[in-house]
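In: When you get a sec, could you give me coordinates for this:
(2 chains)
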Amino acid sequence: MVTPAPQRPSDDGPEGPLQEARAWGIVSYLLAGLLTYGGLGLLLDHWLGTSWLVLVGLLTGAALAFYLIWFRYGTR
Amino acid sequence: MSPLALAAAQGEEFTSPGKEDFWWPILGSDSSAWTLTRPAVMALVSVALIAWFLLAATRHRAIIPGRLQFIGEGAYGFIREGIGRDLIGSRDFLKFMPLLFAQFTFILLNNLFGIIPFVQYPTMSRYGFPVALAAITYITFHAVGFHRKGFVGYFKDLVPPGLPSWIVPVIFLLEFVDKFLTRPLTLSLRLFANMFAGHLLLLVFILGAEHLLLTGGPALKVAGVLSGVLAIVMTFFEALVEVLQAYIFTLLTALYIGGALAEEH
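Out: Purely as a prediction, here's the structure:
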């Protein structure tokens, strides 16, 4: 693929603005996980007449969000 | 009627401050969407003040800067080197500096209005203002992302490379909701909620002190003095929060733009 040269903002140690900004971004991921998969669980509950899928959805969403945060920020 | 006059007119009865204290119509009816309100006027005044300050700071540029030039250059350098270059990257950051610096100065001054004597109302405690600012950030970072990577490429790039392939679809959905829904939501809500809650807190201490001092017995007057002292302490605390929130908003705008531009693959 022809793309411009790879360019990532420089990693600036544990204290710099990049780390700080990431810390604030984590809230957004957690919220997204809970909203998306909790919402999906709620919808499925509505359709299937069950009541426990919303809990499964919320837990799945939180787990996925934690996984993604770890993968994005923890492994490199 | 101002909250102070309102509290005085009510005499004995103390009504705790609430969301009515944020509605300040100046021109127009009480319910119209086109009513000119106090925060709207303050936002306009803030733009004039910032423009005046920056023009004054850059008019007589010198190698050895005067005081105004020093403050102006310091603020710009802080945003440019501390936020723009670090988060967007040295190749692209320059063309986003006008946006970042304008956002920072605009939010900063409008937040500081919350503690500047006789103004004492943070513009951003009306949710419409943070929403408009977050919308600018939202449109900008998605636009530069689509422009840089193409429509399909941008969506492909939402998911970080190297994930196990079976998990990619669920992570894609999560990333999509994060970037298109919760980012603008958290960005606007964080600024709004901080300013709203901070102003309400100050109102409680200041109006409480006034009410206790004017209508209370001797013991309550002492409590009123304490409440007044706390109001002053909280005002300094608010100054900290107001600067911090302006910084965080700009920081996140830069992070989102940098993320939309960065090549993951």
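
In: Can you show me the helices along the chain?
Out: Reading this off chain A. For chain A, the helices defined by DSSP state H occupy A:17-48, A:53-69.

In: other chain: chain B
Out: Under DSSP H, chain B gives helices at B:3-9, B:38-59, B:67-77, B:86-88, B:97-112, B:128-149, B:151-156, B:168-177, B:183-215, B:218-261.

In: Let me know the pLDDT of A:L53.
Out: We have a pLDDT of 94 for A:L53.

In: B:S90 too?
Out: So, for B:S90, pLDDT stands at 88.

In: In contact with it, which residues?
Out: Contacts here follow Cβ atoms under 8 Å, 6 or more residues apart in numbering or on different chains; on that basis B:S90 touches nothing. Glycine gets a C-beta too; all of them are placed from N, C-alpha and C.

In: got it, and the one 4 residues further on?
Out: Under the criterion of Cβ under 8 Å, 6+ apart, the contact partners of B:L94 comprise B:G84.

In: thinking again about what came up before, which one of the helices of chain A lies nearest to B:F141?
Out: helix A:17-48 (12.3 Å; Cβ to Cβ).

In: ok so, going back, and the helices of chain A, which one is worst for confidence?
Out: helix A:17-48 - the lowest mean pLDDT of the helices of chain A, at a mean of 90.

In: And that one, what does it pack against?
Out: For helix A:17-48, the elements it packs on are helix A:53-69, helix B:86-88, helix B:168-177, helix B:183-215, helix B:218-261, judged by 3 or more Cβ pairs under 8 Å, 6 or more residues apart in numbering or on different chains; DSSP states H and E.

In: out of those helices, nearest to A:V27?
Out: Comparing the helices and strands packed on helix A:17-48 by Cβ to Cβ, helix B:183-215 comes nearest, at 5.9 Å.

In: which other helices and strands contact that closest one?
Out: Judged by 3+ Cβ pairs under 8 Å, 6+ apart, the packing partners of helix B:183-215 are helix A:17-48, helix B:3-9, helix B:128-149, helix B:218-261.

In: Report the rounded mean pLDDT for it.
Out: pLDDT averaged over helix B:183-215 gives 93.

In: how far out from the middle of the chain is it?
Out: Between the centre of helix B:183-215 and the centre of its chain there are 14 Å (Cα atoms, centre = their mean, to the nearest Å).

In: Which positions in it come out as buried?
Out: In terms of neighbour count (16 or more other Cβ atoms under 10 Å in any protein chain shown), helix B:183-215 has its buried residues at B:183-192, B:194-196, B:198-213, B:215.

In: and B:A51, how many residues sit next to it?
Out: Using other Cβ atoms under 10 Å in any protein chain shown, B:A51 has 11 neighbouring residues.

In: What about B:S16? Give its phi and psi, please.
Out: When read as degrees, to the nearest 10, the backbone of B:S16 gives phi -70, psi 140.

In: Relative to B:I63, which of the helices of chain A is closest?
Out: helix A:17-48 (29.1 Å).

In: how far is the closest one from where the chain is centred?
Out: With Cα atoms, centre = their mean, you get 6 Å for helix A:17-48.

In: picking that back up, make TSV out of the helices and strands packed on helix B:183-215 and add mean neighbour count and distance to A:F66.
Out: As requested, these are exported to TSV (neighbours: other Cβ atoms under 10 Å in any protein chain shown; distance: least, Cβ to Cβ, whole Å):
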stretch	mean neighbour count	distance to A:F66
helix A:17-48	18	8
helix B:3-9	14	44
helix B:128-149	18	24
helix B:218-261	19	19
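
In: Tell me which of those helices sits nearest to B:R59.
Out: B:R59 lies closest to helix B:218-261 among those, at 24.9 Å (Cβ to Cβ).

In: Direction-wise, compare the closest one with helix B:97-112 and give the angle.
Out: 170 degrees (axes from the mean of the first three to the mean of the last three Cα atoms, to 10 degrees).

In: Centre of the chain to helix B:218-261, how far?
Out: With Cα atoms, centre = their mean, you get 11 Å for helix B:218-261.

In: looking only at pLDDT, what's the mean for it?
Out: Mean predicted lDDT for helix B:218-261 stands at 93.

In: ok and it relative to helix B:183-215, angle-wise?
Out: 170 degrees.

In: which secondary structure elements does helix B:218-261 contact?
Out: Using 3+ Cβ pairs under 8 Å, 6+ apart: helix B:218-261 touches helix A:17-48, helix B:86-88, helix B:97-112, helix B:128-149, helix B:183-215.
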